[in-house]
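[1] What follows is a predicted structure for the sequence shown.
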Amino acid sequence: MTPGRALAAALHDLYRQSWRFVLLNGALAIFLVVIVVAGFWVAPLWLLLLAAGPLAAALMHCAVATALTEELSLRDAVTGLRLHWRRGLVLGAVVAAGAFLGGYAVSFYAGRGALVPAAVGVYLLLAFVVFQLVLWPLAVFDLGSPLRQVAADALRTLLRRPLQALALGLALLAVNVLGAAVLLPFTLTIAYTFLAAVRFSLPPTATEAREQWPA
C-alpha cells in the first residue's frame, strides 16, 4: 500500500474505533510521560521505560487486529500484551538503545562543529525510525517466526520501497510533532502512527490470514 493510501486507511480505522484507541493511546502516552518526568528526579526510574515496549506491542496488536478484521475490543489489548510482552521488551530495548546512541552521536558531533558527521547521524537515526515502522507491525503479525527472520523480512520490505517508507516516516513525524504541540499524543497520534505503519507494512496476502490470526 502506498504511503498516501496507508495514511488514509489509518484515518478511516481510527474514526471507526476512535474511543477505544483514545483509551489505549492515552494509557501508553501517560505512562511514558509519567516515567520520563519522574526520571528527572529519580534517574533509575527511566529503566521502567522498558515496560513501554510490551505496552506498545499490545497497541500494535490492536492496530493489526483492526486492519485485518475491521473489529476491535479492549480485550484485544490484553491479548496483545499476553502474546507479545517478551517480543515487546526486546523491541523496546532496541528502540531505546538506538534512540539514545543516535541522539548522543548527533549532539556530540554537532556540539563540536562537525556538521557532516552530525548530518549523517541524523540520516541514520531517521532510517532507524523508518525501519521500526516496518518492523513492529511484522513482528506482531508474524509471531510464529523468530525475531531475526522478521527483522530480515522487514529490511527486505524497506529496501523494496525505501522512498515510500521515508515519505511515510516524514509524514508521521510531522503528525506527531504537531500532536505534541497540542497534546494530541494523549488521544490519537501514536495509535494513528501504528495504524498507518500496519497498513503500509503488512503484505497484501495478510488479509488471507485473518481467520487464523493471531496464530
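    Done, it's in.
[2] quick one: average pLDDT of the top helix by length along the chain?
    Ranked by number of residues, the top helix in the chain under DSSP state H is helix 75-111. Averaged across helix 75-111, pLDDT comes to 91.
[3] what about W85, neighbour count?
    Neighbour count of W85, defined by other CB atoms under 10 Å: 15. From N, CA and C alone the C-beta is placed, and that goes for glycine too.
[4] related to what we said a few turns ago, helices and strands around the longest helix of the chain, which ones?
    Here helix 75-111 touches helix 52-69, helix 115-141, helix 147-160, going by 3 or more CB pairs under 8 Å, 6 or more residues apart in numbering; DSSP states H and E.
[5] please redo it, this time with the cut-off set to 7 Å
    helix 52-69, helix 115-141 (3 or more CB pairs under 7 Å, 6 or more residues apart in numbering; DSSP states H and E).
[6] buried ones in that helix?
    Buried residues in helix 75-111, defined by neighbour count with 16 or more other CB atoms under 10 Å: 76-77, 80-81, 83-84, 87-89, 91-92, 94-96, 98, 102, 105-106, 109.
[7] before we move on, the earlier item: quick one, which of the helices and strands packed on helix 75-111 is nearest to Q149?
    The closest of the helices and strands packed on helix 75-111 to Q149 is helix 115-141. By CB to CB, the value is 9.8 Å.
[8] Now do the closest one against helix 52-69: the angle between them, please.
    Interaxial angle of helix 115-141 relative to helix 52-69 (axes from the mean of the first three to the mean of the last three CA atoms, to 10 degrees): 60 degrees.
[9] got the angle for helix 115-141 vs helix 75-111?
    170 degrees.
[10] So which other helices or strands are in contact with helix 115-141?
    helix 52-69, helix 75-111, helix 147-160, helix 162-181, helix 189-201.
[11] For the fourth one, give the mean pLDDT please.
    By that I understand helix 162-181. In this model, helix 162-181 has a mean pLDDT of 87.
[12] hmm, who's touching that helix?
    Identification of contacts with helix 162-181 by CB atoms under 7 Å, 6 or more residues apart in numbering yields 2-3, 6-7, 126, 129-130, 133-134, 158, 185, 189, 192-193, 196, 200.
[13] Narrow the residues you listed to just the buried residues.
    By 16+ other CB under 10 Å, the contacts of helix 162-181 give 3, 6-7, 129-130, 133-134, 158, 185, 189, 192-193, 196, 200 as buried.
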